[in-house]
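Engineer: Test case, fold it:
(chains A and B)
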Amino acid sequence: MDTGQFIQRDETCWEIEPKGAMHVPAIIYADAQLLQEMDQKVYEQITNVATLPGIVQAAYAMPDAHWGYGFPIGGVAAFDPDQGGIVSAGGVGFDISCGVRTLHTGLNIDQLQPHKQALADALYRTVPAGVGSRGKIHLNHKTMHGMLTGGARWALDQGFGEQRDLERIEEHGCMAGAEPHYVSPRARERQQDEMGTLGSGNHYLEVQRVAEIFDPAVAKTFSLRVGDVVISIHCGSRGLGHQIGTEFLKDMAMAAAQYQIALPDRELACAPLNSPLGKQYLGAMRAAINCALANRQIITHLTRQAVATVFPGIHLGLLYDVSHNTCKLERHMIDGQKKSLFVHRKGATRAFGPGHPDLPAAFKEVGQPVLIGGSMGTSSYVLCGTKESEQRAFSSACHGAGRAMSRTQATKQWQGRTLVDQLAAKGIIIRSPSMRGVAEEAPLAYKDVSAVVDIADRAGLARKVARLEPVICIKG
DNA sequence: ATGTAC
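Structural biologist: Purely as a prediction, here's the structure:
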């Protein structure tokens, strides 16, 4: 898009002043190149978000932003319930609580090297991946309820994982305020056999090596050293989250007139936070957050089992688990006053800075680990939250590379098989049930993750700690 | 993202 449409506030901050129905400015964090390459749709969508009732401070787009349903992916917006603020299903995204979890292995890359193929086989065999993938767990009414209210804590009670995992998970593994009675029978049915599965699209399980350290002190706190092997899991709430999103989107679109909300775009369907529909969505969404937390917990258990077949006796401890598709009630400073706000992060990672009360003791001094998944075959990053991020974007950062072209376009340009061979030549093993899926995820169909992360760092959204390179990728 | 469409 044309950078002339913006007022450049500083090196990385581009502002659109309020005009028309906008209540607040819209702000994109990028450099001139990322902004030029960004779809004009991001401009339209982020200015549309700025017109929604009760929005405070500004509507934000992260440097990885691209066109999404209603809100851009990479969008952040906070709403005040006392000022008629709203909640929007499209502002959270279909894959509710999609997120990334990273595990330490205690292994060095040299120890892994001779066993790469064996580990790839074991992981691919053990963790179900792909569209409609099913696991070995079958939920009945009672266990479904337990999962929707208990999240990773429920998974732990079922024997998946260790007590100490919980403190390294956002919300300590269990999202409060879940209301399973607002999760429809259809959503439950779709999830019955999908616990502990990766799903498809950009979801993956990746074995990575720490390739570069930017901040040695924080890296030490995060227990990351060059050459260390870690495992990252990127997935969400599968069929359940998608079904909840679909149903509430429809209900919110129908209710907009009743709540007298003028929508510049039908896809921005929303409901007042204080309305029955708004509250129902929040209850269902929180249940879906628990589903995603439980899902990543079970996949962690399966990963531990798979790794143990190749490296008996090793322990996989959690670095952290953080979601990037949520709406969370948080306290933030607005015009010198602490306010309780509902922060939508859609394709944006929560990034609490040092001293935040919700952080585990181990991270209190340095800030939250911010896990940024790269595209297939490219680097991922570990960042840490900063103090200044609270003022810049309600303590949020980018979530990944961000798509640069559509899935359809990517399948026209690349072949899955060829990509797998090319990456194999670079020492990266890809395992996937879908070669079409692999083509859709071609590295060049995404923005340059390093450029995106550099902007997040320079903008003060989060600070770079370590760069990870893929070794094995189980792709959904 | 998704039982890749209702």
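Engineer: How about the residues of chain A by DNA strand B?
Structural biologist: A:94-95, A:98, A:131-132, A:186, A:190, A:194, A:199-203, A:235-236, A:238-239, A:242-243, A:246, A:407, A:434, A:437, A:476 (C-beta under 7 Å from any atom of the strand). Any C-beta I mention is one placed from the backbone N, CA and C, and that applies to glycine too.
Engineer: Helix or strand next in line after the longest helix belonging to chain A, which one?
Structural biologist: For chain A, the longest helix by residue count, based on DSSP state H, is helix A:276-310. Moving toward the C-terminus from helix A:276-310, the next helix or strand (DSSP states H and E) is strand A:318-323.
Engineer: I'd like to know which elements that next one is packed against.
Structural biologist: Applying 3 or more C-beta pairs under 8 Å, 6 or more residues apart in numbering; DSSP states H and E, one finds that strand A:318-323 makes contact with strand A:99-108, helix A:276-310, strand A:349-350, strand A:369-372.
Engineer: Columns mean neighbour count and mean pLDDT on top of the ones you listed, output as TSV?
Structural biologist: Shown next, in TSV, are the helices and strands packed on strand A:318-323 (neighbours: other C-beta atoms under 10 Å; pLDDT from 0 to 100):
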stretch	mean neighbour count	mean pLDDT
strand A:99-108	22	98
helix A:276-310	24	98
strand A:349-350	30	98
strand A:369-372	29	98
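Engineer: Would you state the strands of the stretch 101-250 of chain A in chain order?
Structural biologist: Using DSSP state E, counting those that start in this stretch, the strands of the stretch 101-250 of chain A run over A:204-213, A:228-235.
Engineer: Share the number of residues neighbouring the residue in the stretch 51-200 of chain A positioned nearest to DNA strand B, please.
Structural biologist: DNA strand B sits closest to A:G199 of the stretch 51-200 of chain A, with a gap of 2.6 Å, by C-beta to the nearest atom of the strand. Neighbours of A:G199 under the rule other C-beta atoms under 10 Å: 26.
Engineer: From what I see, it and A:H234 are in contact.
Structural biologist: No. Under the criterion of C-beta atoms under 8 Å, A:G199 makes no contact with A:H234, lying 9.7 Å away.
Engineer: on that earlier part again, adding distance to A:K116 as columns, could you present the helices and strands packed on strand A:318-323 in a markdown table?
Structural biologist: Listed next are these as a markdown table, based on distance: least, C-beta to C-beta, whole Å:
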| stretch | distance to A:K116 |
| --- | --- |
| strand A:99-108 | 11 |
| helix A:276-310 | 10 |
| strand A:349-350 | 29 |
| strand A:369-372 | 23 |
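Engineer: residue contacts, the closest residue to DNA strand B within the stretch 301-450 of chain A?
Structural biologist: Nearest to DNA strand B, among the residues of the stretch 301-450 of chain A, is A:S434, at 6.2 Å (C-beta to the nearest atom of the strand). A:S434 sits next to A:130-131, A:200, A:416, A:475-476 when contact means C-beta atoms under 8 Å, 6 or more residues apart in numbering.
Engineer: of these, buried ones?
Structural biologist: By neighbour count, with 16 or more other C-beta atoms under 10 Å, the contacts of A:S434 hold A:130, A:200, A:416, A:475-476 as buried.
Engineer: In helices only, show me those.
Structural biologist: A:G416.
Engineer: So which of the buried ones among the contacts of A:S434 is the closest to A:L107?
Structural biologist: A:K475 (21.7 Å; C-beta to C-beta).
Engineer: Please report the distance of that closest one from DNA strand B.
Structural biologist: Taking C-beta to the nearest atom of the strand, to the nearest Å as the measure, A:K475 falls 10 Å from DNA strand B.
Engineer: okay, and for the stretch 251-400 of chain A, where does confidence drop off?
Structural biologist: Filtered on pLDDT under 70, the stretch 251-400 of chain A yields no residues whatsoever.
Engineer: which residue packs closest to the residue positioned nearest the centre of chain A, ignoring adjacent ones?
Structural biologist: With distances taken as C-alpha atoms, centre = their mean, A:H324 lies nearest the centre of chain A, 2.7 Å away. Distances taken as C-beta to C-beta, 6 or more residues apart in numbering place A:H399 nearest to A:H324, at 3.9 Å, with adjacent residues excluded.
Engineer: Pull the contacting residues for the one you found.
Structural biologist: Applying C-beta under 8 Å, 6+ apart, the residues near A:H399 are A:62, A:64, A:74, A:324, A:347-349, A:372-373.
Engineer: Quick one: those residues as a markdown table, columns for distance to A:I213 too.
Structural biologist: Formatted as a markdown table, those follow (distance: C-beta to C-beta, whole Å):
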| residue | distance to A:I213 |
| --- | --- |
| A:M62 | 24 |
| A:D64 | 22 |
| A:G74 | 26 |
| A:H324 | 24 |
| A:G347 | 26 |
| A:A348 | 25 |
| A:T349 | 20 |
| A:I372 | 15 |
| A:G373 | 19 |
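Engineer: Just give me the closest of these to A:K142.
Structural biologist: For the contacts of A:H399, the nearest to A:K142 is A:H324 (30.6 Å; C-beta to C-beta).
Engineer: ok, now how distant is the closest one from A:V366?
Structural biologist: According to C-beta to C-beta, to the nearest Å, A:H324 and A:V366 sit 20 Å apart.
Engineer: And A:R134, by the same measure?
Structural biologist: From A:R134 over to A:V366 (counting by C-beta to C-beta), the distance is 40 Å.
Engineer: Can you pick out the residue with more neighbours from those two?
Structural biologist: A direct count of neighbours by other C-beta under 10 Å for A:R134 and A:V366 places A:V366 higher, at 23 against 14.
Engineer: Residue of the stretch 201-350 of chain A nearest DNA strand B, please.
Structural biologist: At 2.3 Å from DNA strand B, A:N202 is the closest residue in the stretch 201-350 of chain A, using C-beta to the nearest atom of the strand.
Engineer: hey, what's the residue lying closest to A:L52 once chain neighbours are set aside bridged with?
Structural biologist: Excluding its sequence neighbours, the residue lying closest to A:L52 (C-beta to C-beta, 6+ apart) is A:I86, at 5.6 Å. Judged by DSSP bridges, the bridge partners of A:I86 are A:P272.
Engineer: how many neighbours does A:I86 have?
Structural biologist: With other C-beta under 10 Å as criterion, A:I86 counts 27.
Engineer: rewinding a little: hmm, the residue nearest to the centre of chain A is touching A:D95, no?
Structural biologist: No. A:H324 lies out of contact with A:D95 (C-beta under 8 Å); the separation is 9.5 Å.
Engineer: Would you double-check that A:M333 falls in a strand?
Structural biologist: Yes. Secondary structure assignment places A:M333 in a strand (DSSP: H, G, I helix; E, B strand; the rest coil).
Engineer: Give the full set of residues in contact with it.
Structural biologist: A:339, A:390-391.
Engineer: Who are the contact partners of A:I28?
Structural biologist: A:6, A:14, A:35, A:38, A:42-43, A:46, A:60-61, A:63, A:65.
Engineer: The residues you listed in strands, which ones?
Structural biologist: In strands, judged by DSSP state E, the following of the contacts of A:I28 are found: A:14, A:60-61, A:63, A:65.
Engineer: a markdown table for those residues, including neighbour count and pLDDT?
Structural biologist: Converted to a markdown table, the ones in strands among the contacts of A:I28 look like this (neighbours: other C-beta under 10 Å; pLDDT from 0 to 100):
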| residue | neighbour count | pLDDT |
| --- | --- | --- |
| A:W14 | 24 | 98 |
| A:Y60 | 28 | 98 |
| A:A61 | 31 | 98 |
| A:P63 | 28 | 98 |
| A:A65 | 34 | 97 |
